[in-house]
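A.B. asks: Pasting the sequence and the predicted coordinates here, then a few questions.
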Amino acid sequence: MRHNLLPIPGLCATSPNMPIRPYAPSDLPALYAINQASTPGVGHEDSAEGLKRWIDLSTCLVATDAGGAPLGFIALIEPGTLAYDSANLRWFEAWQAEQGCDLLYVDRIAISEAARGQGLGQRLYEAAFEIAKGRQWLGAEVNTDPDNPGSHKFHTHLGFARIGEKRYRPDYAVAYYARPV
């Protein structure tokens, strides 16, 4: 397991009402439900174990309510994680090699429907920026087919720039974004 290996200074101080903390195995059922309710904006998983496999390869941060119940999460993957079978990660690895830069990849960010519009996505990204310090870029992809206009706007608002795009299937295409850290 590679999650939570990176330092997370002062992470729980993000907001007393909605703290952000490292993933705990007991979060899995809630994160799976949040993930599935967020598709197609994030990748569908056939089971909680499928999501756990990716979380175990990542640094996963969880936004919670004041009682500790998960409201959303962000999963960060190191380029070169070959056990993570992701065409999007491979695209970023090629971009990183071409640019001669250092990048951390945002595999997914998902917020429960009830908690949307409360700034949790931005706070999860702020925590990701903290983890990515010392690198040059944080990279993420956003669906263009099916389109996710809210996510495009959100990433642009956070300072991400569109750096590429790729169509993988007739019904699936993405735009790639990167932001200096």
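C.D. replies: Yes, it's here.
A.B. asks: For the rest of this, base every contact and every neighbour count on C-alpha atoms.
C.D. replies: Will do.
A.B. asks: Report the beta-bridge partners for the residue lying closest to Asp27 once chain neighbours are set aside.
C.D. replies: Nearest residue to Asp27 in three dimensions, chain neighbours excluded: Pro70, at 6.6 Å (Cα to Cα, 6 or more residues apart in numbering). According to DSSP bridges, the partner residues bridging Pro70 are Thr64.
A.B. asks: so who does Pro70 touch?
C.D. replies: Residues near Pro70 by Cα atoms under 8 Å, 6 or more residues apart in numbering: 27, 30-31, 62-64.
A.B. asks: Take these and write them to TSV, including distance to Arg116, neighbour count and pLDDT.
C.D. replies: Converted to TSV, the contacts of Pro70 look like this (distance: Cα to Cα, whole Å; neighbours: other Cα atoms under 10 Å; pLDDT from 0 to 100):
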residue	distance to Arg116	neighbour count	pLDDT
Asp27	19	17	98
Ala30	15	16	97
Leu31	15	25	96
Val62	14	27	98
Ala63	12	29	97
Thr64	13	23	97
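A.B. asks: Check which helix or strand the residue most central in space within the chain maps to.
C.D. replies: Most central residue of the chain, judged by C-alpha distance to the mean C-alpha position with Cα atoms, centre = their mean, is Arg108 at 3.1 Å. Secondary structure assignment for Arg108, by DSSP states H and E: strand 103-111.
A.B. asks: give the contact list for the residue nearest to the centre of the chain.
C.D. replies: Taking Cα under 8 Å, 6+ apart, we find Arg108 in contact with 42-43, 73-76, 140.
A.B. asks: Make JSON lines from these and add secondary structure, neighbour count and distance to Pro19 to it.
C.D. replies: Below are those laid out as JSON lines (DSSP: H, G, I helix; E, B strand; the rest coil; neighbours: other Cα atoms under 10 Å; distance: Cα to Cα, whole Å):
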{"residue": "Val42", "secondary structure": "coil", "neighbour count": "19", "distance to Pro19": "22"}
{"residue": "Gly43", "secondary structure": "coil", "neighbour count": "13", "distance to Pro19": "25"}
{"residue": "Phe73", "secondary structure": "strand", "neighbour count": "27", "distance to Pro19": "11"}
{"residue": "Ile74", "secondary structure": "strand", "neighbour count": "25", "distance to Pro19": "13"}
{"residue": "Ala75", "secondary structure": "strand", "neighbour count": "23", "distance to Pro19": "16"}
{"residue": "Leu76", "secondary structure": "strand", "neighbour count": "26", "distance to Pro19": "18"}
{"residue": "Ala140", "secondary structure": "strand", "neighbour count": "24", "distance to Pro19": "23"}
